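A.B. asks: the sequence and its predicted three-dimensional model are supplied below.
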Amino acid sequence: MIRKIFLASALVASTAFASWDLFPVLGNHKGQAKIDAGLQTYEYTRHDFGILETAASARYTVIPKLELALGVPYRIMTQDNGNEQDMDGLGNIGLSARYQFLSSMNAFTDVFIPVGDDSYNEKGAWGFNVGAQYSVEFSQMLNFGSELGINFETKGDDHEAPVSVFGATELDFRLSPQFTPYIGTNLAVGIGAFKHYDFLVSHGGGEVYIEPYFGGTYDINHRISLDVSASFGNWVNADDKPSVITTASLALLFNF
């Protein structure tokens, strides 16, 4: 049952919001690497779950306006009411591409390869994101980014293929050359059936997931940045879901 709960919770929360950021791609032959760690807690009836995860990722603009990225997640620990569970290991590897076809717009696609540990990843289920991003710089201090897309999976060993529509908005406030705080919201709506064994998660869609977040980035120098953020996700109108999904994240970014 615990595994089913985590799989259901991850329907939107862990795969739909996969974009590196919501802004124009890096300059030609510019790259960035990231090492991040996140602590996630789930408030659930008679259960308090905790997940500690880390990831290594990198992106690089191979030709003007075309950015490719790779992400490798790893789950360190999963706990249920303080008791450690056997649900850790490699996550599904993500491959991403973004193309900036206008000065303010990107098209993107993400592919999640089902190589992760079967204890918490759906075996055999490939994941896909397809969508577009729009951003505008209102001033030197204020930057707006957004995206809209669709997330879907192939049918794995244990469920029907889920489908969801997702979007995001973010405001960045550059208070100094080194420090940029930001606020934003992720949103997703399930539009396809999702079932794990006898645990029916969706009757054809209709769940709404909303996730406000805030954070800040501090540039230690022109090569290294530190990013700290927190989010508070909530299923608005779905039964048998965690009431709140809280995530705290810390990341180091390296420009090259």
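C.D. replies: Structure's in. What do you need?

A.B. asks: and stretch 246-256, average pLDDT?
C.D. replies: For stretch 246-256, the mean pLDDT works out to 95.

A.B. asks: mind saving the C-alpha coords of it as CSV?
C.D. replies: Output in CSV follows, covering the C-alpha atoms of stretch 246-256 (Å, rounded to 0.1, in the frame of the first residue of the first chain):
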residue,chain,number,x,y,z
THR,A,246,6.1,20.0,1.2
THR,A,247,9.6,20.1,-0.4
ALA,A,248,12.7,21.9,0.6
SER,A,249,15.6,22.0,-1.9
LEU,A,250,19.2,23.1,-2.0
ALA,A,251,21.3,23.2,-5.2
LEU,A,252,24.8,24.1,-6.4
LEU,A,253,25.1,25.3,-10.0
PHE,A,254,28.3,25.5,-12.0
ASN,A,255,28.6,27.5,-15.2
PHE,A,256,30.9,26.4,-18.0
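
A.B. asks: can you list contacts of that stretch?
C.D. replies: Applying C-beta atoms under 8 Å, 6 or more residues apart in numbering, the contact partners of stretch 246-256 are 30-41, 43, 215, 217, 222-233. Bear in mind the C-beta positions are built from the backbone N, C-alpha and C, glycine included.

A.B. asks: now with 6 Å?
C.D. replies: Applying C-beta atoms under 6 Å, 6 or more residues apart in numbering, the external contacts of stretch 246-256 come out as 31-41, 223-225, 227-232.

A.B. asks: and that stretch, how far out from the chain middle?
C.D. replies: Its chain's C-alpha centre and that of stretch 246-256 lie 13 Å apart, by C-alpha atoms, centre = their mean, to the nearest Å.

A.B. asks: quick one on the thing from earlier: which among the contacts of stretch 246-256 end up buried?
C.D. replies: Neighbour-count burial (16 or more other C-beta atoms under 10 Å) applied to these gives 31-32, 34, 36, 38-41, 225, 227, 229, 231.

A.B. asks: what about dumping the CA coordinates of stretch 221-241 to PDB?
C.D. replies: As requested, the backbone C-alpha atoms of stretch 221-241 are provided in PDB (Å, rounded to 0.1, in the frame of the first residue of the first chain):
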ATOM      1  CA  ASN A 221      31.000  34.200  -8.400                       C
ATOM      2  CA  HIS A 222      30.600  34.100 -12.200                       C
ATOM      3  CA  ARG A 223      31.000  30.300 -12.100                       C
ATOM      4  CA  ILE A 224      29.200  29.100  -9.000                       C
ATOM      5  CA  SER A 225      25.700  29.800  -7.700                       C
ATOM      6  CA  LEU A 226      23.700  28.600  -4.800                       C
ATOM      7  CA  ASP A 227      19.900  28.100  -5.000                       C
ATOM      8  CA  VAL A 228      17.500  27.500  -2.100                       C
ATOM      9  CA  SER A 229      13.800  26.900  -2.500                       C
ATOM     10  CA  ALA A 230      10.600  25.500  -0.900                       C
ATOM     11  CA  SER A 231       7.200  24.400  -2.300                       C
ATOM     12  CA  PHE A 232       3.900  23.400  -0.900                       C
ATOM     13  CA  GLY A 233       1.900  21.100  -3.200                       C
ATOM     14  CA  ASN A 234      -1.800  20.200  -2.700                       C
ATOM     15  CA  TRP A 235      -4.400  18.100  -4.500                       C
ATOM     16  CA  VAL A 236      -7.400  20.400  -4.700                       C
ATOM     17  CA  ASN A 237     -10.200  18.000  -5.600                       C
ATOM     18  CA  ALA A 238      -8.900  14.400  -5.500                       C
ATOM     19  CA  ASP A 239      -9.600  11.800  -2.900                       C
ATOM     20  CA  ASP A 240      -7.000   9.400  -1.500                       C
ATOM     21  CA  LYS A 241      -4.100  11.800  -2.000                       C
END
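
A.B. asks: could you give the mean pLDDT of that stretch?
C.D. replies: 83.
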